[in-house]
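Participant: Just the structure for this:
(2 chains)
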Amino acid sequence: MGNTVAEKILCRSSQNDSVSPGEHVICDVDVIMSHDLGTLAIIGVLEDMGVEEIHDPSMAVCPMDHIAPSHTVEDANNKNIIREFVEEQGIENFYDIGMGIAHEVLPEKGHVRPGELIVGSDSHTTSLGAFGAAATGMGTTDLAYAYATGKQWFKVPETIRFEIEGELPAGVSSKDLMLHIAGEFGTNVARYKAIEFAGSTLRGMELDDRFTLSNMSVELGAKFGFTPVDSTVTEYVDEKTETEYEVKRPDDDAEYVATHRIDATDIEPKVSAPHKVGNVADVADTQGIDLDQVFIGSCTHGKLKDLQIAAEVLKDRSVSKDTRLIVTPASREIYDQALEEGYIETINDAGGVVTNATCGACLGLGMGVLGDGDVCLAAQNRNFQGRMGSDAAEIFLSSPETAAASAITGKISDPREVRS
Amino acid sequence: MKGTAWTFGDEINTDLIAPSQYYGDSEEETAKHILEPIRPEFASAIEEGDIIVAGKHFGSGSSREIAPKAIKRAGIGGIVAESFSRTFYRNAFAIGLPVVASEAASENIVEGDQIEIELRRGIVRNLTQETEYSVSSLPDVLVSLLDQGGLVNYYQNNEGFTE
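Facilitator: Down below sits the predicted model:
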């Protein structure tokens, strides 16, 4: 019997001859990521453990992305504690505010390779499955232990497979596909499992769009979310890192607990309505809902492709006077490229607010906090009650294209109609 | 480990386990209120070593470590559930609360049954009904992690996983 990607990577990292789902294994971790909020908590646990020096500073990557720049004195003091910690520990892969969101910065700076095992202080660490890495989020005690020893234990997950065939229609993106999956199969479909996305739709998909599937795999309950590793991935990775790696691909006779087939050709633009990601509807059924704020950003949608599509929609148009548009690039590198391509200028000219690279409005700690009664359409990953600020606000999720089109009308709108 | 079963249903989330109105309170204080929204009398009736038996997706919701910590502090010796949320499962090991997943055990155990869990051998035994349910066994290293009360103590005692 063959193996899935998750089984192969956990087998390699635990130096076993074979592993099977349900088994618990101790693994050598390749990369440990902790962001500003995570690192601060980890510093406390390391103190409790009595750890003075972490196992290997070169494994650590510490981006400050969640609150950037600081919005309170307390946060500013906390960030200074983190700066001291990385200095003392000799952590060179430290990225201070402005460099961008962890899941974007890690691949950009060459910290992600196919076949590796990555743990992070953030649930969206699954994003790195788009590069063929087994990457997942965990709590701060677990991460402190990984920092101290370079190891962690894993329960080998079962794997489910989504086979997606056909070309997505115009105006429909991988985000709509992901929301379609969440609506159709529910947000428990991959609980405690690894996902492998496959099929012809994936083969033609740009890396930025595949990333969305791995990124939001955690919204389906998944531990890992793999998209296929092809030359698009290896060329990107080879440009960023010289460290050797071994791609792990699923065997033809790998065992899946479920295989779901999806026809991509008849998927419509989708939204998730408040307050659950699985609360999915067609844009057509929610059209006309008035919006106080539109957000395009986060690890899910701050990528160059997302800014590009936003700029294309907004070109020679204006944001409705009844709403506000906030756009947040995922990294400084993306910000730079978007400047060069003129996307930032277009969005700014249309009346949008372009912020520095940060998690920003997505988690309600700054850069676009929602007030009581605000209704927001967000191209991001979660719409839980209170996530972007007030508990009395409502968050709809959509693709960046739907979000940009809706910013123009001030209402939830079908991008195909706005652009025609 | 041996104890009396308290049974709960599916989707017992972290807001039910550690209600957010007690957010920021100490572990000891939160322990007095575990599962209060659905069973207000529960926390004060627990006897040391009692076992929670639940359905699907125990510990869903947030990844707050206080949820397993408060359950442990309240005296619960372990949890048997049909399935666990990933974050709760990991956090339970990290803080030293034994958890085992078994659909058969979850379905068949009734409140008040005497339950024995043998982690190393992967067995949940129902002493009242005289039945056994097998679960995925844990490697010795994870059993000793639980024996020692979680990763902080384990690290202090071993300075790393010993194999």
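
Participant: okay, B:Glu163: pLDDT?
Facilitator: B:Glu163 carries a pLDDT value of 58.

Participant: nope, B:Gln21 is what I was after
Facilitator: At B:Gln21, pLDDT is 82.

Participant: quick check, it in a strand?
Facilitator: No. Going by DSSP: H, G, I helix; E, B strand; the rest coil, the assignment for B:Gln21 is helix, not a strand.

Participant: That one: neighbour count?
Facilitator: Residues lying near B:Gln21 (other Cβ atoms under 10 Å in any protein chain shown) number 11. To be clear about C-beta, it is placed using only N, CA and C from the backbone, and glycine gets the same treatment.

Participant: Please apply the same query to the one 10 residues further on.
Facilitator: Using other Cβ under 10 Å as the criterion, B:Ala31 is surrounded by 22 other residues.

Participant: Off-centre distance for stretch A:332-344?
Facilitator: 20 Å (Cα atoms, centre = their mean, to the nearest Å).

Participant: Name the residues of that stretch that are buried.
Facilitator: Residues of stretch A:332-344 classed as buried by neighbour count (16 or more other Cβ atoms under 10 Å in any protein chain shown): A:Arg332, A:Glu333, A:Ile334, A:Tyr335, A:Gln337, A:Ala338, A:Tyr343, A:Ile344.

Participant: Just flag the most distant two among those.
Facilitator: Spanning the widest gap among the buried residues of stretch A:332-344 are A:Arg332 and A:Tyr343, at 14.5 Å by Cβ to Cβ.

Participant: contacts for the longest helix anywhere in chain A?
Facilitator: The residue-count maximum for a helix in chain A (DSSP state H) belongs to helix A:73-89. For helix A:73-89, the external contacting residues (Cβ atoms under 8 Å, 6 or more residues apart in numbering or on different chains) are A:36, A:39-40, A:43, A:53-54, A:57, A:60, A:62, A:64, A:67, A:70, A:91, A:94, A:96-97.

Participant: can you pull the pLDDT of residue 96?
Facilitator: Since you didn't name a chain, this refers to chain A. A:Asp96 is given a pLDDT of 98.

Participant: To clarify, I was referring to chain B.
Facilitator: At B:Gly96, the model reports a pLDDT of 96.

Participant: Check the burial of it by counting its neighbours.
Facilitator: 20.

Participant: With adjacent residues omitted, what lies nearest to it?
Facilitator: If the residues on either side of it in the chain are set aside, B:Gly96 comes closest to B:Gly150, at 3.3 Å by Cβ to Cβ, 6 or more residues apart in numbering or on different chains.

Participant: next structured bit after the one helix or strand A:Cys299 maps to?
Facilitator: Using DSSP states H and E, the element containing A:Cys299 is helix A:298-301. Using DSSP H and E, the next helix or strand after helix A:298-301 towards the C-terminus is helix A:304-314.

Participant: hang on, the earlier thing: keep only those of the buried residues of stretch A:332-344 that are in helices.
Facilitator: Among those, DSSP H puts A:Arg332, A:Glu333, A:Ile334, A:Tyr335, A:Gln337, A:Ala338, A:Tyr343, A:Ile344 in helices.

Participant: Get me the contact residues on chain B for chain A.
Facilitator: Within chain B, the residues that sit near chain A (Cβ under 8 Å from any Cβ of the partner chain) are B:57, B:63, B:65, B:83-87, B:89-91, B:93-95, B:136, B:138-139, B:141-142, B:145, B:150-152, B:155-156, B:159-161, B:163.

Participant: one step back: quick check, nearest of the ones in helices among the buried residues of stretch A:332-344 to A:Ala404?
Facilitator: Using Cβ to Cβ, A:Tyr343 is the member of these that lies nearest A:Ala404, at 11.0 Å.

Participant: Now do the contacts for that closest one.
Facilitator: So A:Tyr343 contacts A:Leu307, A:Gln308, A:Ala310, A:Ala311 (Cβ under 8 Å, 6+ apart).

Participant: just to revisit the earlier point, for the residue nearest to B:Gly96, give me the pLDDT.
Facilitator: The model's pLDDT for B:Gly150 equals 95.

Participant: What is the neighbour count of it?
Facilitator: When neighbours are defined as other Cβ under 10 Å, B:Gly150 has 22 of them.

Participant: That one contacts A:Gly139, doesn't it?
Facilitator: No. If you go by Cβ atoms under 8 Å, B:Gly150 and A:Gly139 don't touch, sitting 11.3 Å apart.
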